[in-house]
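**Q** the following block contains a protein sequence and its predicted model.
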Amino acid sequence: MSITTLSSRELNHDVSSAKKAAKSGPVIITDRGKPSHVLMTYDEFERLSGKHRSLIEALAMPGLSAIDFELRRVEIGPREVDFS
């Protein structure tokens, strides 16, 4: 991920290059030398904003098959009752 910094003037002169740069990371837009806005792809925005996914989408995420996860069966038995 690379971070690109552009002034407001540079953004106004070449929006298409700013959009291309946003594909590889956030683009910080400055106003009078201070950061004022961030340009990012919509996919990245959805990822950061915590878009709710279905269980199937979450389980289909790339890289999950590399995680070792073992479920153990839990035996639940009846409890003794004291009627005294």
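**A** Noted; the coordinates are in hand. Since we're looking at a predicted model, the values are computed, not measured. Residues are numbered from 1 along each chain as shown.
**Q** quick one, grab the pLDDT at the residue lying farthest from the centre of the chain.
**A** Summary for the chain: using C-alpha atoms, centre = their mean, the residue whose C-alpha lies farthest from the chain's mean C-alpha position is residue 84, with a distance of 57.2 Å. Predicted confidence (pLDDT) at residue 84: the value is 82.
**Q** for residue 77, see how far away it is.
**A** In this structure, residue 84 lies at 21 Å from residue 77, with C-beta to C-beta, to the nearest Å as the measure. Every C-beta, even on glycine, is put in place using the N, C-alpha and C of the backbone.
**Q** check residue 56 too.
**A** Look at residue 56 and residue 77: by C-beta to C-beta, they are 34 Å apart.
**Q** repeat that for residue 23.
**A** Counting by C-beta to C-beta, the separation of residue 23 from residue 77 is 56 Å.
**Q** which one of those two has more residues nearby?
**A** When neighbours are counted by other C-beta atoms under 10 Å, residue 23 and residue 77 differ, and residue 23 comes out ahead with 11 against 5.
**Q** from residue 32, how far out is that one?
**A** The separation that residue 23 has from residue 32, given C-beta to C-beta, amounts to 27 Å.
**Q** where does this structure have low pLDDT?
**A** In the prediction, the chain carries residues with pLDDT under 70 at positions 64.
**Q** show me where it has its strands.
**A** 4-7, 27-31, 34-39 (DSSP state E).
**Q** now render these as TSV, adding mean neighbour count and distance to residue 51.
**A** Written out in TSV, the entries for the strands of the chain read as follows (neighbours: other C-beta atoms under 10 Å; distance: least, C-beta to C-beta, whole Å):
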stretch	mean neighbour count	distance to residue 51
strand 4-7	16	24
strand 27-31	16	21
strand 34-39	12	18
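**Q** now these in JSON lines, with distance to residue 13?
**A** Written out in JSON lines, the entries for the strands of the chain read as follows (distance: least, C-beta to C-beta, whole Å):
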{"stretch": "strand 4-7", "distance to residue 13": "9"}
{"stretch": "strand 27-31", "distance to residue 13": "12"}
{"stretch": "strand 34-39", "distance to residue 13": "15"}
